[in-house]
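Undergrad: Can you look at this prediction? I've put the sequence above it.
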Amino acid sequence: MQSKLVTAALLGALAASPALAAPKDDAALAGFKGSFRDKNEATVERLEQSEAQRLCTQDGQKPLKPAQRKKIEAQATAAVVYPADGNYLGDWKEGEKIAQSGRGMQSSDPKGTAAGGNCYACHQLDKKEIAFGNIGPSLHNYGKLRGGPTPEMLKYTWAKVYNSHAFQACSVMPRFGAAGILTEKQLKDVMSLLLAPESPVNQ
C-alpha cells in the first residue's frame, strides 16, 4: 500500500522536475493542478507550495543562494509551535505504532483516518527491525548518543520533527507538525520513542 510519504515524495518529484518546476505560464500550472481531484484524505490543497518549497523546486532545483537558505531556515524556526504545557514526551509505545504506520492523507484512507509517521520508510530506529529505509540517517540509540532528554535536546528534536526546514532549507523530511501531518499528542509520542531511555530505540 502506498504510504502518504511516498505520495508526498511523488508530488515533490513532479514539482521538482524540470518540466514542472517553473511552468511557462499560468495555463500550464492550472493544467497540472487540474489533473488532480480530492478523494477521501488526499486533497488538492496539498499541491500548494510553501515559499520554501517553491524556492527549493524552482528552475529545475538550481542551488539556492546562502541568503535564501538562511531565510527559509529562520522562518521555519520562528514558526515552530512548542507544546503548550511544556511537556515534550508522551508514550513511546504509541510512538512506535506511529513510526510503523504509513496511513493517512491517502486517497484510500477514509475521512478522519489518523496519520502515521512512517518513520521506518527512511530511518532505522529499533535494532530488531529488519525492514527500514536509508534515505535518512539511522536513529538507533538517538537519545542515548545525545545524553537523553535534556531540555536542549527536547527542544532541538521537537523542532526537527515539527519542521525539518528549520535545520536544512530543502530537507525532504516531512514537516510533521508544520504541515499538520501529526497532532501534538502524536508528536509527543514520537519524541518519547526517540528519547525515552526505556524505548527500544535506545536499547
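TA: Now that the structure is in, tell me what you want to look at. Residues are numbered from 1 along each chain as shown.
Undergrad: ranges for the helices of the chain?
TA: Under the criterion DSSP state H, the chain contains helices at 4-16, 18-21, 26-34, 51-57, 66-78, 92-100, 142-145, 151-162, 184-195.
Undergrad: Deepest in the core, which of the ones you listed is it.
TA: Most buried of the helices of the chain, by mean neighbour count (mean count of other CB atoms under 10 Å): helix 184-195, with a mean of 23. To be clear about C-beta, it is placed using only N, CA and C from the backbone, and glycine gets the same treatment.
Undergrad: one step back: put together CSV for the helices of the chain, with distance to Arg175 on each row.
TA: Converted to CSV, these look like this (distance: least, CB to CB, whole Å):
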stretch, distance to Arg175
helix 4-16, 10
helix 18-21, 20
helix 26-34, 21
helix 51-57, 9
helix 66-78, 8
helix 92-100, 16
helix 142-145, 19
helix 151-162, 7
helix 184-195, 12
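Undergrad: To Gly177, which of these lies closest?
TA: Among the helices of the chain, the nearest to Gly177 by CB to CB is helix 151-162 (3.4 Å).
Undergrad: Residues contacting the closest one, please?
TA: 77, 80-83, 88-89, 143, 146-147, 166-167, 175-178, 187, 190-191, 194-195 (CB atoms under 8 Å, 6 or more residues apart in numbering).
Undergrad: could I have it exported to PDB, CA atoms only?
TA: What follows is helix 151-162, C-alpha atoms only, in PDB (Å, rounded to 0.1, in the frame of the first residue of the first chain):
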ATOM      1  CA  PRO A 151      16.000  20.500  27.900                       C
ATOM      2  CA  GLU A 152      18.200  21.400  24.900                       C
ATOM      3  CA  MET A 153      17.700  18.000  23.200                       C
ATOM      4  CA  LEU A 154      14.000  18.100  23.700                       C
ATOM      5  CA  LYS A 155      13.700  21.500  22.100                       C
ATOM      6  CA  TYR A 156      16.000  20.500  19.200                       C
ATOM      7  CA  THR A 157      14.300  17.200  18.500                       C
ATOM      8  CA  TRP A 158      10.800  18.800  18.600                       C
ATOM      9  CA  ALA A 159      11.800  21.500  16.100                       C
ATOM     10  CA  LYS A 160      13.400  18.900  13.800                       C
ATOM     11  CA  VAL A 161      10.300  16.700  13.700                       C
ATOM     12  CA  TYR A 162       8.000  19.700  13.600                       C
END
